[in-house]
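I'll drop the sequence and a predicted model, then ask my questions.
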Amino acid sequence: MAEIVITEFMEQSAVSSLAADFDCLYDPRLVDDAARIHAMLADCRGLIVRNRTRVDAAMMDAAPNLRVIGRLGVGLDNIDLDAAAERGIRVCPATGANAACVAEYVLLATLHLLRPLTLATAPMLAGDFPRPAFSNGREIGGRVLGLIGGGMIGREVARRAIPLGMTVLVADPMLEHGVQDDGSEVVSLNDCLSRADAVSLHIPLTPETAGMMNGAMLARMKPGSVLINTARGGIVDHAALARLMRDGRISGAALDVFDDEPASAESLAMFDGIENLILTPHIAGLTEESNHRVSGITADQVRAALEEG
């Protein structure tokens, strides 16, 4: 049995570096077969996962020698942290490794939602020349970007948005109100929602944040504003969001995360026919560069934990 089990995609160079010193099992198909994962854990000392592998107490008990869980990413809602702590298992997220590419996704989505140029492609190919319909796009310079959550990714977004002429507001109960060193301003949640032309979520999924962006909260957003969610699907009420988009209260949305992943066509049916909508399969944090960083950091952390004994 393997010392290190890797259940989801990891860059091959990082896998090879671990395999040079440890007996490794790398099979990204394992994520869809929990029973097979359990069967592979008898001698496992290091388990490496992304966001889809549910690492609960039962899985940890199937790995009596488990010392470290490497998370290829930063969200930890798929890992039972209390169970890990009780068993003395270290949990190592790749903190900061994908912050840059998530920040770029947010800005790209903001640009597109405020000026949705790609929607002109289909009518153009059909022989139309819809210049009037696409002559009122909005520039991001002078617009207000509201960040719900002021952690590392939020700071990376602000660092890129402010030089583009955006005013950046941050709502985070852990931060003191006022202007920060980077030029962003910490304000109340209500102030952030009511003033922002684009609202981007950067908070973890916890019992406190689950369902936080419900219909009442979404209705507090500035009329005509757009919503971007790269955090976790369970934070946003998608049915309420779809209703507000159909009513024109919210003019666009970019959703990279969903309640259940992979998301099914049925779970997204409420968005049928809504045009200014971007749906992506949880890839905001995935680029060629970030895959390299995330895999390398995770391999280094798992190696260090196992070498410490």
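Sure, I can see it.

only C-alpha atoms for contact and neighbour calcs from this point on.
OK.

Domains in this structure, by residue range?
4-95+289-308, 99-279 (automatic domain parsing).

Now render the ones you listed as a markdown table, adding mean pLDDT.
A markdown table is the format used below for the domains of the chain (pLDDT from 0 to 100):
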| stretch | mean pLDDT |
| --- | --- |
| domain 4-95+289-308 | 96 |
| domain 99-279 | 97 |
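
Would you format these as JSON lines with mean neighbour count included?
Shown next, in JSON lines, are the domains of the chain (neighbours: other Cα atoms under 10 Å):
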{"stretch": "domain 4-95+289-308", "mean neighbour count": "18"}
{"stretch": "domain 99-279", "mean neighbour count": "18"}
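
P223 and I250 touch, don't they?
Yes: between P223 and I250 a contact is recorded at 6.2 Å, counting by Cα atoms under 8 Å.

Please, where are all the helices along the chain?
12-19, 34-39, 57-61, 81-86, 99-114, 121-125, 152-161, 189-195, 215-218, 238-246, 288-308 (DSSP state H).

and of those, who's closest to G141?
Of all the helices of the chain, helix 152-161 sits nearest to G141, with 9.1 Å by Cα to Cα.

Touching the closest one from outside, list them.
For helix 152-161, the external contacting residues (Cα atoms under 8 Å, 6 or more residues apart in numbering) are 96, 99-100, 102-104, 106-107, 145, 147-148, 167-168, 182, 184, 202.

before we move on, what about stretch 300-309?
Against stretch 300-309 from outside (Cα under 8 Å, 6+ apart): 18, 45-46, 67-70, 90, 92.

Of all pairs in these, which one spans the longest distance?
L18 and R90 (17.7 Å).

Go ahead and confirm A2 touches A19.
No: A2 is beyond contact range of A19, at 10.1 Å (criterion: Cα under 8 Å).

Common neighbours of these two, please.
With Cα under 8 Å, 6+ apart, A2 and A19 have no common neighbours.

Contacts for stretch 86-98, please.
66-76, 81, 84, 152-153, 285-286, 290-291, 293-294, 297-298, 301-302, 305.

Also stretch 33-48?
Under Cα under 8 Å, 6+ apart, the answer for stretch 33-48 is 1-8, 30-31, 53, 59, 62-72, 298, 302, 306.

Endpoints of it, how far apart?
One end of stretch 33-48 to the other measures 15 Å (Cα to Cα, to the nearest Å).

separation between the nearest residue to D27 once chain neighbours are set aside and A57?
Nearest residue to D27 in three dimensions, chain neighbours excluded: T7, at 5.7 Å (Cα to Cα, 6 or more residues apart in numbering). For T7, the distance to A57 (Cα to Cα) stands at 17 Å.

Taking the chain centroid, which residue in this structure is the extreme one?
G127 (38.0 Å; Cα atoms, centre = their mean).

Which among the helices of the chain is found nearest to S264?
Using Cα to Cα, the helices of the chain put helix 238-246 closest to S264, at 13.5 Å.

helices or strands up against the closest one?
The helices and strands touching helix 238-246, judged by 3 or more Cα pairs under 8 Å, 6 or more residues apart in numbering; DSSP states H and E, are helix 215-218, strand 250-255.

circling back to that earlier point, could you dump the contacts of stretch 300-309 into CSV and include distance to P123?
Below are these laid out as CSV (distance: Cα to Cα, whole Å):
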residue, distance to P123
L18, 51
R45, 56
G46, 53
R67, 57
V68, 53
I69, 50
G70, 47
R90, 54
C92, 48
